[in-house]
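>>> Okay, predicted coordinates and the sequence, questions at the end:
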Amino acid sequence: MECIAVYHVAFEDLGSFAAPLRERGYGISYRHAGAEPLTPEEWRRADLVVVLGGPIGAGDTALYPWLADELAGIRARLALRRPTLGICLGAQLMAVALGGAIARRSGPGGRPQSEIGWGELALAAPDGVLAGLAGLPVLHWHGDNIVPPPGLAALASTPGTPCQAFALDDYALGLQFHAEFAGRALEAWLTGHAVELAHAGVELARLRADTARHAANLEQGGALLLRRWLDGIDI
């Protein structure tokens, strides 16, 4: 089976999701959304498409015109009910393709505030696809929030982020948080997102310490989440 992982920056890859996918018999290929875009046929044909994260916004089509083509590909794929997984930016693009929106995340006083660091999810259902993450800190790294389309319920939330995950029946899952994050990638993320981290005032020492404390558990929990979701999709 074919899994195409669509990436926006090379260091935000499949991480801990790669091994479970290979265990299930998926051959993995990576494609940059702008430099090596999928053809319409590839969007339709691939057994699984995973749209990964990145530092741009889902609404930045004027700055990155290829985003419009990526959105069109996601929209066409979801209309065909083809298995699709979106992470962070990928989940935001899925939400927009479905008729939802993206809003700047705000903190106290309504000022823009990114959510970067480790924290637990509040799950909407104790026995859903995210059940393995109950009580488990996960990695958050975003400045925009998903506004799901009417009728699409959030599966999880955190303070200031009402929609951390959503699903469409058994064929599509969007994750605002980084369940795929592998601890060994931290320094690549810190250098790749250095400007964003500085603007957000994130303490790198704390982020490193929290990652050392929580990453191994997330790698196990994230892999469990993926296996549970793959069990439910119909290829």
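Good, I have the coordinates. Residues are numbered from 1 along each chain as shown.
>>> for the protein, what spans make up the strands?
2-7, 27-32, 48-51, 84-87, 101-104, 115-119, 122-123, 138-142, 144-147, 156-158, 161-168, 172-175 (DSSP state E).
>>> Between the ones you listed, which one is closest to G192.
Checking those against G192 by C-beta to C-beta gives strand 138-142 as the closest, at 10.9 Å. For the C-beta atoms, the positions are set from N, CA and C on the backbone; glycine is no exception.
>>> packing partners for that closest one?
Applying 3 or more C-beta pairs under 8 Å, 6 or more residues apart in numbering; DSSP states H and E, one finds that strand 138-142 contacts strand 115-119, helix 204-232.
>>> So what touches the shortest one?
Spelled out, it's strand 115-119. The contact list for strand 115-119 (C-beta atoms under 8 Å, 6 or more residues apart in numbering) reads 105, 137-143, 158, 160-161, 196-197, 200, 202, 206-207, 210-211, 213-214.
>>> just so I know, which of the helices and strands packed on strand 138-142 lies nearest E41?
Across the helices and strands packed on strand 138-142, E41 has its closest neighbour in helix 204-232 (23.6 Å, C-beta to C-beta).
>>> Give the rounded mean pLDDT of that closest one.
For helix 204-232, mean pLDDT is 97.
>>> angle of it against strand 161-168?
20 degrees (axes from the mean of the first three to the mean of the last three C-alpha atoms, to 10 degrees).
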